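Peer 1: Sequence first, predicted model second:
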Amino acid sequence: MAENRQLNPILKFALELGPLLIFFIVNARAGIFAGTGAFMLAIVIALAVSYALTRHLPIMPLVSAFIVLVFGGLTLILHDELFIKLKPTIIYVLFAVVLTGGLIFRKPLLAVVFGEVFNLTAEGWRKLTLRWIVFFFALAVLNEIVWRTQTTDFWVSFKVFGVLPLTFLFAALQYPLLVKHDAGTKQ
């Protein structure tokens, strides 16, 4: 049986955040189309490095990469920035819908993804999943508002300096729920 190798958390974070930062930097220097191409290349490299080090690919980064490549490719081929701007909305809605499907079928998918990190009660997983569903739908709406009302450069900056901090803040705010529904402690 193959050993399940884990990435150093800092390297994992760099591989997940790196492509987005490259997108931001290249967009600022050379525009949205060069930024999109750099983003696509960086995400493929990040997946390759992750696979080389762990011999597996996590599902969420893989799905994100697929959507980046499809919508980034459409952006470059059709020379229309609309597609790369729609990509976050589609990813957020997709994640929310998949999580919702998991709840409907009584299979909290966050437990599948984060079960090795957190040991929550069934109620804890349900509540955490519901919160992430709402958050992902809210991000989808927010992305639509920002890209439709602001400049492309503002939208790119918002992805790095708006969505990322909002996501970290939201995740941090889940700590009380994680503690309250820890399956390892007596209620």
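Peer 2: Thanks, I have it. Numbers count the residues shown, from 1 in each chain.

Peer 1: So what touches the helix or strand of the chain with the lowest mean pLDDT?
Peer 2: Scoring the helices and strands of the chain by mean pLDDT, DSSP states H and E places helix 109-114 at the bottom, with a mean of 78. With contact meaning C-beta atoms under 8 Å, 6 or more residues apart in numbering, helix 109-114 is reached by 58-60, 98-99, 101-102, 120, 125, 128-129, 132. Placement of C-beta: from N, CA and C, glycine included.

Peer 1: likewise stretch 117-134?
Peer 2: Here stretch 117-134 has contacts from 95-96, 99-100, 102-103, 108-111, 170, 174, 177-178, 180-184, 187, using C-beta under 8 Å, 6+ apart.

Peer 1: That stretch: which residues count as buried?
Peer 2: 118, 120, 124-129, 131-133 (16 or more other C-beta atoms under 10 Å).

Peer 1: where does this structure dip in pLDDT?
Peer 2: For the chain, residues meeting the criterion pLDDT under 70 lie at 1-4, 115-116, 185-187.

Peer 1: how's the chain carved up into domains?
Peer 2: Following the assignment in automatic domain parsing, the chain carries domains at 1-72, 81-187.

Peer 1: For I104, grab the count of nearby residues.
Peer 2: 8 (other C-beta atoms under 10 Å).

Peer 1: ah, wrong one, I meant Y92
Peer 2: Y92: 21 neighbours (other C-beta under 10 Å).

Peer 1: what's the answer for F39, then?
Peer 2: Using other C-beta under 10 Å as the criterion, the residues surrounding F39 number 26.

Peer 1: my read is it is in a helix, agree?
Peer 2: Yes. Per DSSP: H, G, I helix; E, B strand; the rest coil, F39 lies within a helix segment.

Peer 1: Which residue comes closest to it once chain neighbours are left out?
Peer 2: Excluding the flanking residues, the one nearest F39 by C-beta to C-beta, 6 or more residues apart in numbering is F23, at 3.8 Å.

Peer 1: Ok, H181 next?
Peer 2: Nearest residue to H181, sequence neighbours excluded (C-beta to C-beta, 6+ apart): G124, at 2.5 Å.

Peer 1: in this structure, which spans are helices?
Peer 2: 9-30, 32-54, 59-78, 82-104, 109-114, 122-149, 152-158, 164-172, 175-180 (DSSP state H).

Peer 1: Now do A138 against T100, distance only.
Peer 2: Taking C-beta to C-beta, to the nearest Å as the measure, A138 falls 14 Å from T100.

Peer 1: before we move on, what about L53?
Peer 2: From L53 to T100 the distance is 33 Å (C-beta to C-beta).

Peer 1: Same check on T152?
Peer 2: Counting by C-beta to C-beta, the gap from T152 to T100 is 31 Å.

Peer 1: That'll do, ta.
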